[in-house]
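J.: I'd like to go over a predicted model; first the sequence, then the structure.
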Amino acid sequence: MGIEVKLAFDLLAFISVMVLIVLGLGIIASMMGIFNFAHGEFVLLGAYTVYIFESSGLSAWAGILAAPIVLAIVGLVLERLIIRRFYAVPIIAMLGTYAIGLVIREIVRGLLGGHYKSISEPLPGVFTLFGVDFSAWRAVIVLTTICIIAATWLFLSRTSVGLQVRGSLENPNLARACGISTTRLYALTFAFGAALAGLAGALIVPLYQLSADIGTRFLVQAFLSVMLGGVGTFEGPVLGAAAVGGMAAGLPWLVIPVLADPLVFVIALLIVKFRPQGFITQGRL
Amino acid sequence: MTDKLNIGRRRLMGSSALGAAGWIAGGGGWLLRPEKAYAADPIKMGIATDITGAIAPSGNANWQVAQFTVEQINKAGGIGGRQIELYLEDTASDPKIAVGNVRKLIQERKVNVVLGGITSAMRQAIKDPIVNRGRTLYIYPQLYEGQECTKFLYCTGPTPAQQCDKLIPYLIKTVGKKRFAMPSANYVWPQLLKWPQLLNKYARKVIETNGGEVVFEEYYPLDQAEYSATIGKIRDGKVDCVFNTVIPPGLQPFVKQLYESGFQKNGGVLSCVYYDENLLNYHPAQEMEGLYSCLDYFQSINDPFSKQLQADYMKKFPDTKYLFTAGSAATGMYRGIKFYEAAVKKTNGDLSREAVGAAMDSAKIDQGPGGGAEMVPGKMHCKMNMYIAQCKVDAGKTRYDVIESDKMVDPKEC
């Protein structure tokens, strides 16, 4: 029995990783209509922040706390300088954000000399529950993900800022007529999404390793999650990420691993074919 | 001199490797001339390696070792009084780019020999422009899956036989492990790069003749991030030895999940025959503890010549990110250049491909990283010493302890 529980836990941990990564992407896509192709590199920068903290002798925990702040600033600056020019042209926005991502990725690759860097868990080791060993850090990730989902949902659905964000999404002109500064809101939303990406990168990097491609690895699946869940809602991308993460981790049990990867896409595309709006089609926040 | 350089992208990526003084712009390539002018015509040596791209860390290590070895030879008077000029072309971890750049070495620089290529895909791509159309000698320095039997193409890295023949019987008979799992990376290039498949095929044969059993052999996408299904199979199949050919970046999450599952704690053994000192740093130390590797050189080998070589290399490149280790083709590069030196000495300076090739066929070097080596006549591969080592951890630092060694192991190729 123990091994099944352990593996279910591993599955849950991987789903949490996917959800963490998708959350920021989903919020920016849903609330602003921008598909941020630099999202993977925001994740990378979050991971890189932890690396910088660790290699300069500071605590990795401080790095994890700093990562979302650093990324919020990066996001804010990028939004003010570049992203805001793209709101009217979503296709150009994809190209533009892709270019930003490329620049960030190659700079980091140069700084790392192309090597991989191992970052150890701030909370190493395992804890034993009912005779089964669980990785402490994976547990931290699962719990943090649940907290972040809850906090983000409360923020968007229960606070007045959240109401303004949703209002600007629904009808920007009316929102502006009501005296809401949509420019400021968009900047804040983008910074918030970037901060979530930074936090995701900081949390997941001990499970993998720091390399310039850490974000790219998840980016395609993250976009698939958003598509599957549906743009325009908060729950959609989260559910989509859970589905994609669950399939990516679960399918290798059933088919040979090389087939599992493309199969995730085939299944997801089939679902999208029959539910083009994604899982969540109504009942917006 | 350096201020005349037309640098750019390459400089940014390989700055520490290319930053050495003495560079002259070479129309897109790089040229390293001997320090003094000599009367006799120099010997032109081409290096084609991955200075940029995915495997830049290995390529830069290769290039640094080439500079280091050639400098040693030139300082000692060159080959029969002739100095060696080094020409570098970046193969950029991309066979498509490589073919054009390698052609430049052959057609414009007219080099006498080309050394380089790290992945098998790269070797396959550049061997034709070098050996067939270019009619030039080619030396391939990396450990690989074997079965490369092209005339005038000499392989100076270990083969599956050299890596498995000693290690696997040791794991079965001495360590006492019988049930093997073979998790492997699935390369996407069709037919070109079958390193895991061919190495596994050979290893399976050795495992079965020695009374072991392969529980499963499985291939994963290169960047797979989740391995709970594999860990489940390892548990269910009562695997006690993992013979790994998964490569980074898919490797780190696999090793972590294996470690978290308590595999090593419950007596399981992880072995990875391409793992050198550099790669240990890709993981937290505790996950690497107990790992078995089998290579032609480890830095902890107790051999005065190897120790001196290592010290001299670190003196030339202090604080370098690119170490002199066996996994990144660095030892094969050293060996290849020394073999070429030995061969040209034998031909008395005749640089024609046929003459040098004939001399290469029975070339021998007395010393090198891990000891001497000698070509097996007619086989284009070389005998070399092989070492089984295990990773130990002291206060969070990893090192390899050499457990067993074998002198002049046969490559069993061609």
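T.: That came through fine. Numbers count the residues shown, from 1 in each chain, chains lettered A, B, ... in the order given.

J.: hey, let's count contacts and neighbours off CA atoms from now on
T.: Noted.

J.: Contact residues of the stretch 101-250 of chain A facing chain B?
T.: A:110, A:113-120, A:126, A:133-135, A:207-209, A:217, A:248-250 (Cα under 8 Å from any Cα of the partner chain).

J.: go with 10 Å
T.: By Cα under 10 Å from any Cα of the partner chain, the residues of the stretch 101-250 of chain A that approach chain B are A:106-107, A:109-121, A:125-126, A:132-136, A:206-214, A:217-218, A:245, A:248-250.

J.: Buried ones among those residues?
T.: A:106, A:109-110, A:112-121, A:126, A:133-136, A:206-214, A:218, A:245, A:248-250 (16 or more other Cα atoms under 10 Å in any protein chain shown).

J.: Chain B - how does it break down into domains?
T.: B:2-157+B:304-380, B:161-295+B:387-409 (automatic domain parsing).

J.: How far does the helix or strand A:Gly46 falls within sit from its chain's centre?
T.: According to DSSP states H and E, A:Gly46 maps onto helix A:39-55. Its chain's C-alpha centre and that of helix A:39-55 lie 13 Å apart, by Cα atoms, centre = their mean, to the nearest Å.

J.: now the host helix or strand of A:Phe190 and helix A:39-55, what's the angle there?
T.: Assigned by DSSP H and E, A:Phe190 belongs to helix A:182-204. Helix A:182-204 and helix A:39-55 are oriented at 60 degrees to each other (axes from the mean of the first three to the mean of the last three Cα atoms, to 10 degrees).

J.: Which one of the residues in the stretch 1-150 of chain A is closest to chain B?
T.: Across the stretch 1-150 of chain A, the shortest distance to chain B (Cα to the nearest Cα) belongs to A:Ser118, at 5.0 Å.

J.: wait, isn't that residue in contact with A:Ile204?
T.: No - under the criterion of Cα atoms under 10 Å, A:Ser118 is not in contact with A:Ile204, lying 11.9 Å apart.

J.: Common neighbours of those two, please.
T.: Common neighbours of A:Ser118 and A:Ile204 (criterion: Cα atoms under 10 Å, 6 or more residues apart in numbering or on different chains): A:Leu210.

J.: Which of the buried ones among the residues of the stretch 101-250 of chain A next to chain B fall in helices?
T.: Among these, the members found in helices (DSSP state H) are A:106, A:109-110, A:112, A:136, A:214, A:218, A:245, A:248-250.

J.: quick one: which two of these are the most distant?
T.: For these, the farthest-apart pair by Cα to Cα is A:Gly110 and A:Gly250; their separation is 35.5 Å.

J.: wait, is B:Lys383 part of a strand?
T.: Yes - under DSSP: H, G, I helix; E, B strand; the rest coil, B:Lys383 falls within a strand.

J.: list the contacts for it?
T.: The contact partners of B:Lys383, by Cα under 10 Å, 6+ apart, come to B:156-159, B:162, B:364, B:372-376, B:407-412.

J.: cool, and A:Ser168?
T.: A:31-32, A:162, A:174-176, A:180-183, A:185-186.

J.: pLDDT averaged over the helix holding A:Phe190, what's the number?
T.: For helix A:182-204, the mean pLDDT works out to 93.

J.: do the same with stretch A:142-152
T.: Stretch A:142-152 carries an average pLDDT of 94.
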